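[1] Fold the following.
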Amino acid sequence: MDTWICMSEDESSEATGVLAAGTAVLRAEAALEAALFCDTQELPPEVVTSWVSYLKSSADCIRVFRQAVGSSDASSLEDVLLASFARWETSGGEFLESVQSTR
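    I've put the predicted structure just below:
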């Protein structure tokens, strides 16, 4: 989201914004791929459920961000991106709560 905000606020350096966006997407995809291969066998079922939800919302957020950055009319996708990011934040909080509740 930080990259999106920088891109939307500073239209004069579009090339830098696209580079930053590309870098952000690559880092997010690498983190998601690493997370997909994490072993969850030792986790309680409610934690696994919230983990899967978090991974799905992460993938959705990456997909929507890619669409927004690649779109000629990115401003029309801003609301979709903000909603996707909000779902990602919510699912991350729910995952954290599920982990804390098992302690």
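
[2] can you list the weak-confidence ranges in this protein?
    1-18, 74 (pLDDT under 70).

[3] residue boundaries of the helices in it?
    Using DSSP state H, the helices of the chain run over 2-9, 14-36, 45-70, 78-101.

[4] Reformat those as CSV; add mean neighbour count.
    No exception for glycine: its C-beta is placed from N, CA and C like everyone else's. What follows is these, written out as CSV (neighbours: other CB atoms under 10 Å):
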stretch, mean neighbour count
helix 2-9, 14
helix 14-36, 13
helix 45-70, 17
helix 78-101, 15
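
[5] what sits up against stretch 81-101?
    For stretch 81-101, contacts defined as CB atoms under 8 Å, 6 or more residues apart in numbering pick out 1, 4, 44, 46-47, 49-51, 53-54, 56-58, 60-61, 64-65, 68.

[6] cutoff 6 Å now
    1, 46-47, 50-51, 53-54, 57-58, 60-61, 64, 68 (CB atoms under 6 Å, 6 or more residues apart in numbering).

[7] Can you lay out these as a markdown table showing distance to Thr90?
    A markdown table is the format used below for the contacts of stretch 81-101 (distance: CB to CB, whole Å):
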| residue | distance to Thr90 |
| --- | --- |
| Met1 | 14 |
| Glu46 | 16 |
| Val47 | 16 |
| Ser50 | 11 |
| Trp51 | 14 |
| Ser53 | 9 |
| Tyr54 | 9 |
| Ser57 | 8 |
| Ser58 | 12 |
| Asp60 | 12 |
| Cys61 | 11 |
| Val64 | 15 |
| Ala68 | 19 |
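
[8] And these, which is closest to Glu29?
    Set against Glu29, the nearest of the contacts of stretch 81-101 by CB to CB is Ser58 (9.5 Å).

[9] what residues are up against the closest one?
    Leu32, Trp88.

[10] Could you rerun that using 10 Å?
    By CB atoms under 10 Å, 6 or more residues apart in numbering, the residues touching Ser58 are Ala28, Glu29, Ala31, Leu32, Ala35, Leu36, Ser84, Arg87, Trp88, Ser91, Gly92.
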